[in-house]
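**Student:** Model the following, please.
(one chain, ligands or ions: 2)
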Amino acid sequence: MKITKICCIGAGYVGGPTMAIIAQKCPQIQVTVVDLNEERIATWNDEDVNNIPIYEPGLSEIVKEARGRNLFFSTEVDKAIDEAEMIFISVNTPTKTYGKGKGMAADLKYIELCARQIARVSTSNKIVVEKSTLPVRTAEAIKSILDNTGNGVKFQILSNPEFLAEGTAVQDLLHPDRILIGGDTTEEGQKAIQALVDVYANWVAVGKILTTNVWSSELSKLTANAFLAQRISSINAMSELCEKTGADVNEVARAIGMDSRIGPKFLKASVGFGGSCFQKDILNLVYIAKSYGLNEVADYWEQVIIMNDHQKRRFSSNIVKTLYNTVSDKKIAFLGWAFKKDTNDTRESAAIYVADDLINENAKIAVYDPKVSYKKVLADLDYLQTRTADKNAESIVSFENPYKACEGAHAVAILTEWDEFVTYDWQKIYDAMQKPAFVFDGRNILNAAELEKIGFVYQAIGS
Ligand SMILES: NC(=O)c1ccc[n+]([C@@H]2O[C@H](COP(=O)([O-])OP(=O)(O)OC[C@H]3O[C@@H](n4cnc5c(N)ncnc54)[C@H](O)[C@@H]3O)[C@@H](O)[C@H]2O)c1
Ligand SMILES: O=c1ccn([C@@H]2O[C@H](COP(=O)(O)OP(=O)(O)O[C@H]3O[C@H](CO)[C@@H](O)[C@H](O)[C@H]3O)[C@@H](O)[C@H]2O)c(=O)[nH]1
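**Tutor:** Ligands and ions are numbered 1, 2, ... in the order given. Below you'll find the model as predicted:
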């Protein structure tokens, strides 16, 4: 089956970039990305392509090339669904905040709404592709809804999890380690798999396109994120031991990373991992394991989250302890608010939790992040519901100039590893700060010797 029209439901961090690349690489396919969020669609369509809602290096250029040619962003969900032969579901699947599984399970209400909408409006056969990260066996639920509420048209359901990381989304999509496609073993299922393989084969070597059954594909996504996050919690656990023993976690990471069985990637000790995926997906894995009575499996993976929470709290406690056990009315400058560099995404960023802890101690926080607005900073803190929005606004400000953010501060804390932080005039920052001037480097990006020479009291993670 040759695909000529694709619809993607969800114009977020996955739907937007993924469809932009498909449109760029497959000019013969018309790709329409739809979303209920009118503001988001309007900014995807903004005349100035630099205003698109997601910041990813290289993305605006690709959108510029394909938008209006074969890439469209629209709020007309029904129309796009009905016209397409293949529909990607790329909506959010956050952790449940209510009812059974609250705080653990994935909330599938948006997925179910999509399935019902597809069933309601489809007048021709469709291939439905799960792009969102979903609990194993979700395809079964989607199939049941489609088959029982549809207009008699036939649906094939594929699982095609996305492995892109934010900040490198374009490169990850252009040069993926692998593409994973899970589908039914029936003849129809195999035809559907082939149709999606043919789309990716426009730019991905066929040897990198892996096909499996649906359940393996769904579970592989949760497994990949669990393994990646586990490496970070493992190195972060060692960072605390390094601080006690005089070992240096960067040296330890280099030494173990040269073992080809371990490998060098994902061994950077930090203030803790953030992002919308790791915590959510591991909690979901823990919930699934528990629901099958596999308590030891659940406890094993939950420890990755416990360690990460500890690492974030340890960072804020250390700031308070080092600043003579009080930060009350002291100005702490935060360089970085995003959960990692090269993205404007702040979901689950360590900065939010560190700020929350410090505000509990009456600190005054001044944030500078090259891509995050003050509105977003406040929304992130308000979401925690620790205190009133007014109190948050009194306790935290943000600056468009990093030097202004650091002026008069008792300490600077590095929360995100933006490259520009390394290039700053640290002497100038030092001169304008309270003395002694402290730097807490939550990303181990600055040069300790240089900063100490200037006069800073410098503390990194794990040394
Ligand atoms: N962010 C990542 O880097 C990443 C990477 C791989 C996988 N994932 C997974 O991909 C999925 C999407 O993540 P995201 O970061 O793009 O989320 P997101 O919140 O940025 O985007 C989801 C979009 O879906 C829209 N939406 C929700 N319900 C809808 C409906 N019924 N009809 C139309 N639009 C609807 C929302 O308005 C939102 O704009 C999640 O399951 C996530 O776990 C994310
Ligand atoms: O050595 C490291 C590597 C990462 N991090 C932190 O870990 C978090 C996650 O980083 P990363 O994995 O690079 O970004 P994400 O966009 O969250 O991507 C992850 O989550 C996505 C959503 O499921 C997956 O698709 C990706 O494969 C997976 O890497 C960030 O806070 C990083 O700063 C570290 O602290 N140390």
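**Student:** Compute the number of surrounding residues for the nearest residue to residue 252 once chain neighbours are set aside.
**Tutor:** Nearest residue to residue 252, sequence neighbours excluded (C-beta to C-beta, 6 or more residues apart in numbering): residue 238, at 6.0 Å. The way it works is simple: take the backbone N, C-alpha and C, and place the C-beta from them, glycine included. Neighbourhood size, residue 238 [other C-beta atoms under 10 Å]: 19.
**Student:** Start the count at 515 instead of 1 going forward.
**Tutor:** With the count now opening at 515, the last piece we talked about shows up as residue 752.
**Student:** what's near enough to touch residue 661?
**Tutor:** Going by C-beta atoms under 8 Å, 6 or more residues apart in numbering, residue 661 touches residue 669.
**Student:** In which helix or strand does it reside?
**Tutor:** Assigned by DSSP states H and E, residue 661 belongs to helix 652-663.
**Student:** ok, now residue 702?
**Tutor:** Residue 702 belongs to helix 701-714 when assigned by DSSP H and E.
**Student:** what residues are up against residue 906?
**Tutor:** Contacts of residue 906 by C-beta under 8 Å, 6+ apart are 873, 892, 895, 896.
**Student:** Residue most distant from the centroid, this structure?
**Tutor:** Each residue of the chain has a distance to the centre, and by C-alpha atoms, centre = their mean the biggest one is for residue 666: 37.6 Å.
**Student:** quick one on the thing from earlier: I'd like to know the average pLDDT value across the helix holding residue 661.
**Tutor:** Mean per-residue pLDDT for helix 652-663: 92.
**Student:** What of stretch 575-588?
**Tutor:** Stretch 575-588 carries an average pLDDT of 98.
**Student:** Checking it against ligand 1, do any of its residues make contact.
**Tutor:** No - Stretch 575-588 is not in contact with ligand 1 by C-beta under 6 Å from any ligand atom; minimum separation 10.5 Å.
**Student:** Then stretch 628-647?
**Tutor:** Yes - residues of stretch 628-647 contacting ligand 1 under C-beta under 6 Å from any ligand atom: 628, 646, 647.
**Student:** Pull out the buried residues from that stretch.
**Tutor:** Applying a neighbour-count criterion of 16 or more other C-beta atoms under 10 Å, one finds 628-629, 632-633, 636, 640-647 buried in stretch 628-647.
**Student:** same check, this time on stretch 891-907
**Tutor:** Quick answer for stretch 891-907 (16+ other C-beta under 10 Å): 891, 892, 894, 895, 906.
**Student:** Which one of those residues is nearest to residue 744?
**Tutor:** residue 894 (25.6 Å; C-beta to C-beta).
**Student:** which residues touch that closest one?
**Tutor:** Residue 894 makes contacts with 851, 860, 863, 866, as judged by C-beta under 8 Å, 6+ apart.
**Student:** For the closest residue to ligand 1 within the chain, the count of nearby residues, please.
**Tutor:** Residue of the chain nearest ligand 1, by C-beta to the nearest ligand atom: residue 526 (1.9 Å). Neighbours of residue 526 under the rule other C-beta under 10 Å: 21.
**Student:** wait, what's in contact with the residue lying closest to residue 966 once chain neighbours are set aside?
**Tutor:** Nearest residue to residue 966, sequence neighbours excluded (C-beta to C-beta, 6+ apart): residue 972, at 5.5 Å. By C-beta under 8 Å, 6+ apart, the residues touching residue 972 are 952, 953, 955, 960, 962, 965, 966.
**Student:** Please report the distance of the fourth one from residue 543.
**Tutor:** So the one you mean is residue 960. To residue 543, residue 960 is 46 Å away according to C-beta to C-beta, to the nearest Å.
**Student:** got it, and the first one?
**Tutor:** From residue 952 across to residue 543, the span is 54 Å (C-beta to C-beta).
**Student:** Confirm for me that residue 576 is in contact with residue 533.
**Tutor:** No - using C-beta atoms under 8 Å, residue 576 is not in contact with residue 533; the gap is 10.3 Å.
**Student:** Which one's more surrounded, the two?
**Tutor:** Set residue 576 next to residue 533 and count neighbours by other C-beta under 10 Å: residue 533 wins out with 27 against 21.
**Student:** Compute the number of surrounding residues for residue 537.
**Tutor:** By other C-beta under 10 Å, 24 other residues sit near residue 537.
**Student:** Kindly export the helix or strand where it lies (C-alpha atoms) in PDB.
**Tutor:** Assigned by DSSP H and E, residue 537 falls within helix 529-539. Extracted as PDB, the C-alpha positions of helix 529-539 are listed here (Å, rounded to 0.1, in the frame of the first residue of the first chain):
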ATOM      1  CA  GLY A 529       4.600  15.300  16.500                       C
ATOM      2  CA  GLY A 530       6.000  18.600  15.200                       C
ATOM      3  CA  PRO A 531       9.600  17.600  14.600                       C
ATOM      4  CA  THR A 532       8.900  14.000  13.500                       C
ATOM      5  CA  MET A 533       6.400  15.100  10.800                       C
ATOM      6  CA  ALA A 534       8.600  18.000   9.700                       C
ATOM      7  CA  ILE A 535      11.300  15.400   8.800                       C
ATOM      8  CA  ILE A 536       8.800  13.000   7.100                       C
ATOM      9  CA  ALA A 537       7.600  15.900   5.000                       C
ATOM     10  CA  GLN A 538      11.100  17.000   4.200                       C
ATOM     11  CA  LYS A 539      12.200  13.500   3.200                       C
END
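**Student:** Please list the residues outside that helix that contact it.
**Tutor:** Outside helix 529-539, the residues that touch it by C-beta under 8 Å, 6+ apart are 520, 522-523, 543, 545, 547, 549, 558, 566-568, 570, 573, 576-577, 579-580, 583-585, 602, 604-605, 645, 676, 678, 683-684, 687-688, 713, 716-717.
**Student:** what does stretch 911-925 give?
**Tutor:** Stretch 911-925 is contacted from outside by 833, 836-837, 841, 844-849, 851, 878-883, 886-888, 891, 926, 934-935, 938-939, 942-943, 946-948, 951-954, using C-beta under 8 Å, 6+ apart.
**Student:** Quickly check: the helix or strand of the chain with the lowest mean pLDDT near ligand 1 or not.
**Tutor:** None of the helices or strands of the chain scores lower by mean pLDDT, DSSP states H and E than helix 652-663, at a mean of 92. No - using C-beta under 6 Å from any ligand atom, helix 652-663 never reaches ligand 1; the gap is at least 10.4 Å.
**Student:** So for that helix, what gets flagged as buried?
**Tutor:** If you call a residue buried by 16+ other C-beta under 10 Å, then helix 652-663 has these buried ones: 652, 653, 655, 656, 657, 659, 660.
**Student:** So which of those residues is the closest to ligand 2?
**Tutor:** Of all the buried residues of helix 652-663, residue 652 has the smallest distance to ligand 2: 15.2 Å, by C-beta to the nearest ligand atom.
**Student:** for the closest one, what are its contacts?
**Tutor:** 622, 625, 644, 732.
**Student:** Please determine how far the third one is located from residue 687.
**Tutor:** Using C-beta to C-beta, one gets 17 Å for the distance from residue 644 to residue 687.
**Student:** can you check the second one too?
**Tutor:** The span separating residue 625 from residue 687 equals 22 Å under the rule C-beta to C-beta.
**Student:** Compare neighbour counts for the two and give me the winner.
**Tutor:** Shown here are residue 625 and residue 687; by other C-beta under 10 Å, residue 687 has more neighbours (27 against 24).
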